[in-house]
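In: using only what follows, build the 3D model:
(chains A and B)
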Amino acid sequence: MEIVKNLTVRNGLGIHARAAAKIVELAKKHSSILFLAKDGKEADGSNILSILTLACPKGTEIKARAVGEDCNELILKLSELFDSKFGEAA
Amino acid sequence: MIKTQSPEKKLLTGIPASPGIIIGKAHLVDRSRVKILYQYLINEDQIIREAERFNRALSTTESQLLQIKNRMPERMKDHSFILDSHIMIIHDSMLKDATIEKIRKDKINSEWALKKSFEEIKLLFDEVDDYYIKGRLTDVENVTERILRNLSGNNDTSLTEINGRVIIVAHDLSPADTTELNISRVMGFITDAGGRTSHTAIMAQALEIPAVVGLEHATKNIREGDLLIVDGSSGQVISSPEEDDIIAYQEKQLRHEQYKSFIARTSHLPAVTLDGQRVYVMANIEFLEEVAAAKDHGADGIGLYRTEFLYLRSKGIPSEKELFEDYREVAEIIAPMPVTIRTFDLGGDKFAADLKAAREMNPALGLRAIRFCLKEIKIFKGQLRAILRASAFGNVKLMFPMISGVQEVLDAKTIMREVMADLEKEGIPFNPKIKVGIMIEVPSAVAMAEELAEQVDFFSVGTNDLIQYALAIDRANEHVANMYQPYHPAILRMIRQVVSAAKEAGIEVSLCGEMAGDPLCTAVLLALGITQFSMNARVIPLIKKIARTISCEDARDDLEKVMKLKTATEVRTHLLRTMSELLPELGEEGILDLSGEAP
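Out: Residues are numbered from 1 along each chain as shown, chains lettered A, B, ... in the order given. Here you go, the predicted model:
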C-alpha cells in the first residue's frame, strides 16, 4: 500500500525544530514508512535531521509519501498537522 | 597603587543576552570539547563490544536528557521541546545507524565514528540557506558532545552540584546544560560562545536571569571564585572589580529595578504632553513575529512595516497568498490600531538572486524601491494585491517609499487602481478607502511637499535616508560616516517644510527613522508639529515617558532658539542641555550620555 499527497507548509516559521519533531513523533506511531520530498529531494519522515535539512520555509510545497498498511491514516494525520500549522500560535 | 596580592581587574565585553545586573562569585564549568582518541579495532569481538559501548552511551545520554526534562522548572516548560528534539537526534539514523555502520565497516572506535557522522551531518546543514535551520546544527553538536562525554565516562562536571550562589562561567552551555542548572543557586551566566538568539539566551530570558554571551575569552580570563560584575543589559563583564565599580554597579542595579518597574507601569498608557497633546508612539517592524513585542512595549500601532524580509528569505518572489497571509496576520493582531505597510524598498543589490538584478555601482542612487516597482510591475502588483486584500481584515495603510516627485505617485496610484479594479471584478474584499501615503526621504520630495500633499493621505518622514541624501553622506562609508549628522540644521528645516505642507493640505504626517526614537529629538519634533512617531519597539516606553514631561508650548518657544543655531554641534549641545534640565535622571540611569561629548 502506498499513498501520495501534496502538502503546503502554512505556519509562519516553516518546518523548524518543533514542527519537525512533531512529524517524527507521528511517523513513529505508525508502521508505515513516511517520506517527504521537496524539489526531488526526499527525506526520511522518521528522521528529524533529514526533515530539517530539507529546509522548508512557509509556502513550501511538499510531496508526502507513505508506504505500508496504515499509510492512509498516517497521511490523514499528517495533513491535519500541516493544516493546524503545527499548533503554532498566531 | 595596585595591590599586588589581589587579582587584576579585567574588563570584558560580550553580547548582552538577558538584561539585569549581578555581582557575585564565578563558578567555572568545563564544558569544553572532550578530547577524542582515534583507534582502529582489530577483531570482530572488539567491534561487537565497541558497538555495545556506543549503544550504552546513547542510552545514558537519553536518560540524562529525560531526567533534565522532568526536573525542568514550571516556567521553562515551554522550552522542553528543545530537549525532545535532542532526544530525537540521539535516535536519528544519520547519527546512530551511521555511526554503528562506521564502527563495523571502517573498524574504528565509537568516538571517531561519531565524529565522522557529525561531519557528514554538518555537510548537509552547510548546504541549507535558511539561517534558522543552519543554527540547529548547534543542537546536533550539543548532543554529540554529550554522547562523547558519556563515552569517555567523564561526567563529573555536573551543573546540579553547585555550592552557594554563583555566576556560571562556561565556554558554551547547551539548552540541556542551562536546564540542568540549579536555578536557585545561579545568579546568571556568561559564556565564550553564543549569540543573542541562541537557545541559551532565550532560556536565560525565560528564567529572567542576567546573561552575557559571546565573550570569546571569558573562560581564559576568569578563575574560579573571582568576583564578577555582570551587566546583561550592556554586555559588560568586570572581573575582580575595584570597590568603586561595585558601589557604582550596585546603584545602577537598584536604578535598573526601579526604572523597569516604572516603565512597566506606564508604557501601556497613552502618551499625552503636559499641555494635553496626544502623542502616538508606534513601532517599526520587519517581520510578523515582532508584532507581539511591539504590543508588549505599548506601541500605538505599527507605524512602519518594512516588507523586505519575506522577499529576502524566500529565494524567489513570494506568492501573493504568502504575502497576504502575513499582512493579514499583522493587521489582525494589531487591530484596531493601524499598521502602515510600506511596499518593498529593495534595490538591485539586495534583491533575490533569480531576479537577475544587475549589480550597481551606487545602489542608494540606483534602481530601487518605487523605481524598481514601477519597472517590475508584475512584482509590484502582486504585493499591492496582498496589501489590499489584507486591508479587509484590519486598519491597514499603504505607503510608497523613495518618492522623488509627483509623477511617481501618479504612476503608483494608477497601478493601485488597476489592482483595485481587478479585485472588485474577482469579488475579493478589500478596503476601497485605504489610506495611501508616501515616505518623504528624498530631498526633491521635500521641495515638492505641497504638490505631493495634494495626492496622498499622509506623509511619513524617513529621516535615515533623508539625512543621507540631503547631506550626501554614505553612512556605510567609514571615511565620511562621522559626517552623518541627524542634528544638522538643514534636516530640521526640511522637516519643518514637510510638516507645514502637510498641515496646509490637512493630511497626517509622521516620522520614522532613528530620529523618532532619539530622546534628544522628541521635544524639537513635537515643536515642529510631529505627533506621530514610529521607532524600534524597545525605545517606545522611554519616548512615551519623555513626551509626558514635555509642554508643546514651551518646546515651541525653545524651537525659535534652535532654528537660529547654525551647526549640528550647536544643535546637539542645545538639545542636550534642555533634556538634562527636563529629565536629569535619564543621564543618571545611563540611558543618555548627557556629558555633552560628541557621539
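In: what's the neighbour count on residue 86?
Out: Let's take chain A. Counted with other Cβ atoms under 10 Å in any protein chain shown, the neighbours of residue A:86 add up to 20. No exception for glycine: its C-beta is placed from N, CA and C like everyone else's.
In: oops, chain B please
Out: So residue B:86, with other Cβ under 10 Å, has 25 neighbours.
In: could you look up the SS state of it?
Out: Following DSSP: H, G, I helix; E, B strand; the rest coil, the label given to residue B:86 is helix.
In: so where's chain A shaky on pLDDT?
Out: Residue ranges of chain A with pLDDT under 70: A:89-90.
In: give me every residue that touches residue B:552.
Out: Shown in contact with residue B:552 (Cβ atoms under 8 Å, 6 or more residues apart in numbering or on different chains): B:273, B:275, B:277, B:526-527.
In: closest one to residue B:375 out of those residues, please.
Out: Proximity of the contacts of residue B:552 to residue B:375 (Cβ to Cβ) peaks at residue B:526, which lies at 39.1 Å.
In: among the contacts of residue B:552, name the buried ones.
Out: Among the contacts of residue B:552, the ones that count as buried by 16 or more other Cβ atoms under 10 Å in any protein chain shown are B:273, B:277, B:526-527.
In: please list the members of those that lie in helices.
Out: Applying DSSP state H to the buried ones among the contacts of residue B:552, the entries found in helices are B:526-527.
In: please identify which pair of the contacts of residue B:552 lies farthest apart.
Out: B:275 and B:527 (11.8 Å).
In: remind me which helix or strand the residue lying closest to residue A:44 once chain neighbours are set aside belongs to.
Out: Spatially, and ignoring its direct neighbours in sequence, residue A:44 is nearest to residue A:50 (4.6 Å; Cβ to Cβ, 6 or more residues apart in numbering or on different chains). Element membership for residue A:50, per DSSP states H and E: helix A:48-52.
In: do residue B:70 as well
Out: Per DSSP H and E: residue B:70 is located in helix B:44-71.
In: report all helices and strands that that helix contacts.
Out: If you count contacts as 3 or more Cβ pairs under 8 Å, 6 or more residues apart in numbering or on different chains; DSSP states H and E, helix B:44-71 packs onto helix B:80-91, helix B:96-105, helix B:110-126, helix B:137-151, helix B:175-180.
In: now the angle between helix B:137-151 and it, please.
Out: Helix B:44-71 and helix B:137-151 are oriented at 120 degrees to each other (axes from the mean of the first three to the mean of the last three Cα atoms, to 10 degrees).
In: list the buried residues of helix B:44-71.
Out: Under 16+ other Cβ under 10 Å, the buried positions of helix B:44-71 are B:47, B:50-51, B:53-54, B:57-58, B:60-62, B:64-65, B:68-69.
In: over to stretch A:53-71?
Out: For stretch A:53-71, burial by neighbour count (16+ other Cβ under 10 Å) applies to A:53-60, A:62, A:64-66, A:71.
In: quick one: which of those residues sit in strands?
Out: Mapping the buried residues of stretch A:53-71 onto strands (DSSP state E) picks out A:62, A:64-66.
In: how close does residue B:222 sit to residue B:212?
Out: To residue B:212, residue B:222 is 12 Å away according to Cβ to Cβ, to the nearest Å.
In: name the residue in those two with the higher neighbour count.
Out: residue B:212 (29 against 24).
In: phi, psi of that one?
Out: Dihedral angles phi and psi of residue B:212 (degrees, to the nearest 10) take the values phi -130, psi 130.
In: in this structure it contacts residue B:14, no?
Out: Yes - the pair residue B:212 / residue B:14 is scored as a contact, 4.4 Å apart, by Cβ atoms under 8 Å.
In: that concludes my questions; thank you for your assistance.
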